[in-house]
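Asker: Okay, structure incoming, though there's no sequence with it:
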């Protein structure tokens, strides 16, 4: 059985929208696209390269898939650890709108996403990785289907944009298992799913 990990870029106020560029996702009038780019130092690159040594498959939301599919198939350097994995490994896309996908190795998941992802985890081995895909992540968090969170928290507040942990997310407890900070100040935290929170009183 496979595990499912999520690597997510977040601002200090929890925004995950459009970290990679001004035109990445301006939906909702979002004007702050590209907020992660100034912090992309060597430490950050090393962490991302480490992440991409592990996957056996990828699971993406439709918006993230389209961003990736517009860029990574054109990156053909055999020594690029990110492009090599993204282009070679199976990719599963949760979508209600796509009817076809040109990127080699892509399978569309068009049914009940929680059911299909649970079945996917049961049929594969190793680590299925999600990157970004905040809307899909929210749905899967509500069904306890994400086993590991890698949250990269950037030292910036935007005050607007889509947030990963917004009102209504299912109360969930995690165990903190790793932490590091890049030279540019990105705090990288890893959490493993525990289950429901426990409560007490002081």
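Answerer: Structure received. Please read all numbers here as calculations on a predicted model, not as lab measurements. Numbers count the residues shown, from 1 in each chain.
Asker: looking at this, residue 84 is in a helix?
Answerer: Yes - judged by DSSP: H, G, I helix; E, B strand; the rest coil, residue 84 forms part of a helix.
Asker: Could I get the phi/psi values of the residue nearest to the spatial centre of the chain?
Answerer: Geometric centre of the chain, nearest residue: residue 131, 2.5 Å, by Cα atoms, centre = their mean. Torsion angles at residue 131 (phi, psi; degrees, to the nearest 10) stand at phi -130, psi 130.
Asker: Quick check: closest non-adjacent residue to it.
Answerer: residue 7 (5.2 Å; Cβ to Cβ, 6 or more residues apart in numbering). C-beta coordinates here come from the backbone N, C-alpha and C atoms, glycine included.
Asker: neighbours of the one you found, just the number please.
Answerer: 20 (other Cβ atoms under 10 Å).
Asker: so who does it touch?
Answerer: By Cβ atoms under 8 Å, 6 or more residues apart in numbering, the residues touching residue 7 are 48, 51, 129-132, 150, 152.
Asker: which one of those residues is nearest residue 194?
Answerer: residue 150 (16.2 Å; Cβ to Cβ).
Asker: Beta-bridge partners for the closest one, please?
Answerer: Judged by DSSP bridges, the bridge partners of residue 150 are residue 7, residue 190.
Asker: Now for it: which residues touch it?
Answerer: Taking Cβ under 8 Å, 6+ apart, we find residue 150 in contact with 5-8, 51, 188-190.
Asker: One more pass at 10 Å, please.
Answerer: Contacts of residue 150 were listed using Cβ atoms under 10 Å, 6 or more residues apart in numbering, and they are 5-9, 47-48, 51, 129-131, 178, 188-191.
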